[in-house]
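> Predicted coordinates and the sequence they were generated for:
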Amino acid sequence: MIRKRFKILAPFTNIAEIEPLKKAGADELYCGYVNDELTKKWPLAFHILNRRGEGSSFENYEDFKEAVKKARTYNLAVYVTLNGLYTPEQYPLLHKLVKSIDRLEGVRGFIVADIGFLLFLKKNNFRKEIHVSTGGTCFNSHAAKFFENLGAKRIVLDRALTSNEIKNIITKLDTKIDIEIFIMGEPCGGFVDGFCTFFHCFENAKTWSAKDFFLSPMYNTDQHVKGCAFYDDLLRNRRFEVFNATSHKKMKHGLRYIPGKSASLGCRICDLYDLKEYPINSLKIIGRGTGMVEYVELISKVLQRLSCKHITRKSFQKSCKDLISKILFKKKRRCTKFDCYYPNLKK
Amino acid sequence: MRHDFEKALFINKLVNIGKDVDRLYFGNEFCENLIPGINILKERYVFAEKKKKNFTFVTPFVTDAGLDKLKILFAFLNQQKDTEVVFSDWGVFYLLKNNFRNLIPVLGRLLTKQRRDPRMMKIFLDKQSQIVIKTKQRKIIKIPKKVPPALFEHHQASVINTPVFQKFLLSEGIKRVEIDNLIWKMNIDVPREIGVSIYFPYGYISTGRMCWRTCLSYAPCKKECKKYFFHLKHKSLPVPFYAKGNTIFYKSTRIDFENLQHLKNLRIVYQAKFL
């Protein structure tokens, strides 16, 4: 039965989301938690403390504790995302934060990206599991073994891997490390999460209107809030010149930005058919702070279809497309190949 | 200005090498498809040997298929003396550690995790007292939030400053780390046993596996990066931005040697072109 094999790991940002997520089919949850001491020095908006901006993490310990307690009553394990890249001056405050999280029974583990921070957690004998986030950039079986040797219980494979590459990793792994893959969500501008150093600044949506979305006026800047979107914008508005890679001379060109081919669902649901026989522990849905109940419902229904004995690839793909139309778009919609993760990597 | 640093030149083709160059770099950090064949690697190695230069081979992040390609190259390099391999993937390091003990591992700049985007400079400078937003109907004036000084300090540093990580690197035999030359003052604090290499003048900002979007080809890889690159232009860019293949670079024209005085075993890796 497939449903037992793939767990659905869903994001949550407040206590009210827990029950709907459980009903929709979530098996485990993850969230961010930071405190005032940290955010005063490194505002959440700048994606320093974890890889999300304002409004995506718990910022009050009591709220966080209550939410973890509630998740426990629904038998949902909670993982806390601390996937920033930390510098030494942050460690004393992070130490205090981790201690307060470690006390909570309902928290099963930490999701980390920084090896230094992973080593710090091990050195200080914290009891929770350690999961290496996609920010850890695991692209191969050797990297998974490396992280397992450091004490990781689970590894999140990079989202830019194709299903064949994922199968390759699993086949070559002779260890017990748990494997997690992304299943749904924005493909992060086409860049590898763990290697991207583009500036991001997401302020709380309450502080500015929707039309200001691409600017972050409260932090004194006319910058795009999202570096990769800014890059897209330059391409879209033809703010570039093309040069010959060898001679470095300016070239005439017919290159142009094609709208729609850059925006995508970031979906790899169809891949599940190929991956169903592989021991992948969990499917991660991204979107802390954005409410992902519908996505969880979608994946849950997709997994139910996948568990049918006689389902073929073709009928599974059709089911996926129908479910996406029905649940996410509420109307008939055609998938395009650009909805998929990294279409140019696919054969 | 400091002169007691090692000078490395990142080469792609066989070019004239100045006498003051101590070391040659060859390879690619950003794309598995650009891992060279064994014959080209041998040719570059022999060239370095003839010129009496040390040799560093640079490797990208890779899938298992890429690891297989690298094994062949490492088998050759492992037979040579004092060859460095820059790794951008912990799986490649695992491979080196377990199978190619003669090679000297160097932590690549993809793994030293600096915060690099030059556009942050404008935020750190924090000069505006108010922000004016003009819409069709009206003009809105906002008082900006203050940027805490700790944010800039964080951007000046890197994960390599963390003592527990440094201890780990040394215990694993990693005695050199590579970083980019940021456009703001850097704070790099590593023990004297760890050497630091700084790439100049091109730093990377982001990289991926999705060339169709970054170089507007919308097709499977045809090595567009070998054919053309973009120079990106916008008033908000404090320094030039370039996009080549799957990677976005910035150009920094000055190395802040004064601020690097304390670093032992400093190396500057010069790239005449982003490769």
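Received it, and whenever you're ready, just let me know what you need. Numbers count the residues shown, from 1 in each chain, chains lettered A, B, ... in the order given.
> Contact partners for B:Leu263?
Neighbour list for B:Leu263: B:188, B:190, B:196 [criterion: CB atoms under 8 Å, 6 or more residues apart in numbering or on different chains]. All C-beta spots, glycine's among them, are computed from the backbone N, C-alpha and C.
> ok, it to B:Ile188 distance?
According to CB to CB, to the nearest Å, B:Leu263 stands 6 Å off from B:Ile188.
> got a winner among the contacts of B:Leu263 for most neighbours?
B:Val190 (24 neighbours; other CB atoms under 10 Å in any protein chain shown).
> That residue sits in which helix or strand?
Assigned by DSSP states H and E, B:Val190 belongs to no helix or strand.
> Give me the distance between it and B:Ile268.
16 Å.
> Could you do A:Pro259 as well?
A:Pro259 is 42 Å from B:Ile268, by CB to CB.
> returning to what we had before: which neighbours do B:Leu263 and B:Ile188 have in common?
B:Val196.
> Identify the residues contacting A:Leu235.
A:Leu235 touches A:257, B:216, B:230, counting by CB under 8 Å, 6+ apart.
> okay, now the first one: neighbour count?
This points to A:Tyr257. A:Tyr257: 17 neighbours (other CB under 10 Å).
> Tell me where the stretch 1-150 of chain B has helices.
Remark: helices assigned in the stretch 1-150 of chain B by DSSP state H, counting those that start in this stretch are B:38-50, B:64-77, B:90-99, B:120-125, B:149-156.
> do you know which of these lies nearest A:Ile299?
helix B:64-77 (26.6 Å; CB to CB).
> anything in that closest one near chain A?
Yes - among the residues of helix B:64-77, B:64-67 lie within reach of chain A under CB under 8 Å from any CB of the partner chain.
> Can you select the buried ones among these for me in PyMOL?
In PyMOL syntax, the buried subset of those is picked out as below (16 or more other CB atoms under 10 Å in any protein chain shown):
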select buried, chain B and resi 64+66+67
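> Strands along the stretch 1-150 of chain A, start to end?
In the stretch 1-150 of chain A, the strands defined using DSSP state E, counting those that start in this stretch lie at A:7-11, A:28-33, A:57-58, A:77-82, A:107-112, A:129-132.
> Let's have these in JSON lines, adding distance to chain B.
Below are those laid out as JSON lines (distance: least, CB to the nearest CB, whole Å):
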{"stretch": "strand A:7-11", "distance to chain B": "23"}
{"stretch": "strand A:28-33", "distance to chain B": "18"}
{"stretch": "strand A:57-58", "distance to chain B": "17"}
{"stretch": "strand A:77-82", "distance to chain B": "14"}
{"stretch": "strand A:107-112", "distance to chain B": "12"}
{"stretch": "strand A:129-132", "distance to chain B": "10"}
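> so which of those comes closest to A:Lys314?
strand A:7-11 (24.4 Å).
> What is the burial count for residue 26?
If you meant another chain, say so; for now it's chain A. Neighbours of A:Ala26 using other CB under 10 Å come to 29.
> please go with chain B instead
Residues within reach of B:Phe26, counting by other CB under 10 Å, total 22.
> show me the contacts for it.
B:10-12, B:36, B:41, B:44-45, B:48, B:55-58.
> can you list the strands of the stretch 1-150 of chain A in a markdown table and add mean neighbour count and mean pLDDT?
As requested, those are arranged in a markdown table below (neighbours: other CB atoms under 10 Å in any protein chain shown; pLDDT from 0 to 100):
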| stretch | mean neighbour count | mean pLDDT |
| --- | --- | --- |
| strand A:7-11 | 26 | 95 |
| strand A:28-33 | 25 | 97 |
| strand A:57-58 | 22 | 94 |
| strand A:77-82 | 24 | 98 |
| strand A:107-112 | 24 | 97 |
| strand A:129-132 | 25 | 98 |
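> could these go into a markdown table alongside distance to A:Cys335?
Listed next are the strands of the stretch 1-150 of chain A as a markdown table, based on distance: least, CB to CB, whole Å:
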| stretch | distance to A:Cys335 |
| --- | --- |
| strand A:7-11 | 21 |
| strand A:28-33 | 27 |
| strand A:57-58 | 32 |
| strand A:77-82 | 30 |
| strand A:107-112 | 30 |
| strand A:129-132 | 30 |
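> Looking at those strands, which is nearest to A:Lys326?
Per CB to CB, nearest to A:Lys326 of the strands of the stretch 1-150 of chain A: strand A:7-11, 18.2 Å.
> what residues does that closest one touch?
With CB under 8 Å, 6+ apart, strand A:7-11 has contacts from A:21, A:24-31, A:79, A:180, A:281-290, A:292, A:295-296, A:299-300, A:303.
> Next one: A:Asn168 from chain B, what distance?
From A:Asn168 across to chain B, the span is 5 Å (CB to the nearest CB, to the nearest Å).
> That residue: neighbouring residues, count only.
If we define neighbours as other CB under 10 Å, then A:Asn168 has 18 of them.
> Which residue is the nearest non-sequential neighbour of it?
Spatial nearest neighbour of A:Asn168, chain neighbours left out: B:Asp64 (4.6 Å); criterion: CB to CB, 6 or more residues apart in numbering or on different chains.
> and what of B:Arg115?
B:His155 (4.6 Å).
> That neighbour touches B:Trp184, doesn't it?
Yes - between B:His155 and B:Trp184 there is a contact under CB atoms under 8 Å: 7.0 Å.
> More neighbours: which of those two?
Each of B:His155 and B:Trp184 has its neighbours counted (other CB under 10 Å); B:His155 has more, 25 against 17.
> for that one, what are its contacts?
B:115, B:120, B:124, B:182, B:184.
> So which of those residues is surrounded by the most neighbours?
The contacts of B:His155, ranked by neighbours (other CB under 10 Å): first place B:Met120, 26 neighbours.
> how near is that residue to B:Lys244?
22 Å.
> same check, this time on A:Thr81
To B:Lys244, A:Thr81 is 32 Å away according to CB to CB.
> cool, and A:Met184?
31 Å.
> Output the lowest mean pLDDT helix or strand found in the chain.
No chain specified, so I'll use chain A. Ranking every helix and strand in chain A by mean pLDDT, DSSP states H and E puts helix A:2-5 at the bottom, with a mean of 57.
> Sorry, I should have been clearer: chain B.
Using mean pLDDT, DSSP H and E, the lowest element in chain B is strand B:131-134, with a mean of 70.
> so what secondary structure elements neighbour it?
If you count contacts as 3 or more CB pairs under 8 Å, 6 or more residues apart in numbering or on different chains; DSSP states H and E, strand B:131-134 packs onto strand B:139-142.
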